[in-house]
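Visitor: only geometry, no sequence info:
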């Protein structure tokens, strides 16, 4: 279940139009099959005339295009160019892509790279393995509340206790409405289990046959960088495969990514600045 994209209030009409246009663009980017006008007006809180006006401006700028077949809106060529250039400069995405691909190749399951964005997790990149039966619960560009899903839970568990409490309380209504099996008290228990194991497990809590394991990634100063996770159908996540094959490979690639992050970190520090040990 995706969260609604709410348009922020602005003190000027110009800034409000920008906020609204970005809200439309963000919603379109998260719908792999395109977005209808009805979908966009519902999720962005706009009336149809306003949405059409803003969409036309985005089309003229090349950020959005409309399918002649069903009139759905999709990202345009300029959006693709911006996304491509952004991925080149996003350190975690740029550094970890090969590791994610290798993890998917070695396990034959789906490997995902996610980051924290406020109270949510965002899947930056997904690489599918060769196993023919797949779970599609977590796709590139998907948002979930922190704690929902293995990688998301791993990131939540890596945060300080007071921050976790604040996030869960802020998300209480959303969780109770859209994820009734993952209310804050239960997520708090899952956080404790994740810390004890050193990695997170999602035993089909969002979708019954979609399991996952995840581990948090840190910069060498201890700051959360994101998470690495594996997703597969239930039968592929059972013991002994989970503990003997999947977890060791996940930990190995996570450690390799953290080494890359440490090297990147050191290049941007003064020579005299000490580096903290990376959290494991």
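Guide: Good, I have the coordinates. No experiment lies behind these values; they were computed from the predicted model shown.
Visitor: make it CA atoms for all contacts and neighbour counts henceforth
Guide: Fine.
Visitor: what sits opposite the residue nearest to the spatial centre of the chain in the beta ladder?
Guide: Of all residues in the chain, the one closest to the mean position by CA atoms, centre = their mean is residue 122, 1.8 Å from it. The residues listed as beta-bridge partners of residue 122 by DSSP bridges are residue 115, residue 143.
Visitor: wait, it touches residue 144, no?
Guide: Yes: shown here, residue 122 and residue 144 form a contact pair, counting by CA atoms under 8 Å, at 6.9 Å.
Visitor: name the element residue 239 belongs to?
Guide: Taking DSSP states H and E as the definition, one finds residue 239 inside no helix or strand.
Visitor: how many other residues sit next to it?
Guide: Look at residue 239: counted by other CA atoms under 10 Å, it has 11 neighbours.
Visitor: stretch 129-142: end-to-end distance?
Guide: As for stretch 129-142, its first-to-last residue distance stands at 19 Å under the measure CA to CA, to the nearest Å.
Visitor: same check, this time on stretch 167-174
Guide: Using CA to CA, the distance between the terminal residues of stretch 167-174 is 11 Å.
Visitor: buried ones in that stretch, by neighbour count?
Guide: Using 16 or more other CA atoms under 10 Å as the test for burial, stretch 167-174 gives 167-168, 171-172.
Visitor: again, but for stretch 236-251
Guide: By 16+ other CA under 10 Å, the buried positions in stretch 236-251 come out as 236-237, 246-247, 249-251.
Visitor: tell me where the protein has helices.
Guide: Defined through DSSP state H, the helices belonging to the chain, from first to last, are 13-29, 37-44, 48-60, 77-89, 91-107, 150-157, 161-170, 172-178, 184-197, 241, 247-267.
Visitor: pLDDT of stretch 167-186, averaged?
Guide: Across stretch 167-186, the average pLDDT comes to 92.
Visitor: now that stretch: how far from the chain's centre is it?
Guide: Relative to its parent chain, stretch 167-186 has a centroid offset of 18 Å by CA atoms, centre = their mean, to the nearest Å.
Visitor: identify the residues contacting that stretch?
Guide: When contacts are defined by CA atoms under 8 Å, 6 or more residues apart in numbering, stretch 167-186 is touched by residues 1, 119, 145-146, 148, 205-206.
Visitor: can you check stretch 235-250 too?
Guide: Under CA under 8 Å, 6+ apart, the answer for stretch 235-250 is 103, 106-107, 211-215, 228-230.
Visitor: report the buried members of these.
Guide: So, by 16+ other CA under 10 Å, the buried ones in the contacts of stretch 235-250 are 103, 107, 211-215, 228-230.
Visitor: where does the protein have low pLDDT?
Guide: In the predicted model, the chain carries pLDDT under 70 at residues 1-13, 32, 83-90, 268-280.
Visitor: surely residue 115 touches residue 225?
Guide: Yes: contact status for residue 115 versus residue 225: in contact at 6.7 Å, counting by CA under 8 Å.
Visitor: more neighbours: those two, which one.
Guide: The neighbour comparison of residue 115 against residue 225 (other CA under 10 Å) goes to residue 115, with 25 against 18.
Visitor: contact partners for the more buried one?
Guide: By CA under 8 Å, 6+ apart, the residues touching residue 115 are 121-124, 225-227.
Visitor: mind running it again at 10 Å?
Guide: By CA atoms under 10 Å, 6 or more residues apart in numbering, residue 115 lies in contact with 92-93, 121-125, 143, 146, 151-152, 155, 216-217, 224-228.
Visitor: what do you get for residue 161?
Guide: With contacts defined as CA under 10 Å, 6+ apart, residue 161 is in contact with 167, 188, 191.
Visitor: would you check how far apart residue 49 and residue 73 are?
Guide: From residue 49 across to residue 73, the span is 15 Å (CA to CA).
Visitor: which one's more surrounded, these two?
Guide: Between residue 49 and residue 73, counting by other CA under 10 Å, residue 73 is the more crowded of the two (24 against 10).
Visitor: how many residues are close by the nearest residue to the more buried one once chain neighbours are set aside?
Guide: With CA to CA, 6 or more residues apart in numbering as the criterion, residue 73 has its nearest non-adjacent residue at 4.5 Å, and that residue is residue 66. Under the neighbour criterion other CA under 10 Å, residue 66 is assigned a count of 18.
Visitor: distance of residue 66 from residue 78?
Guide: The span separating residue 66 from residue 78 equals 14 Å under the rule CA to CA.
Visitor: ok, residue 111 next?
Guide: Computed as CA to CA, the residue 111 to residue 78 distance reads 28 Å.
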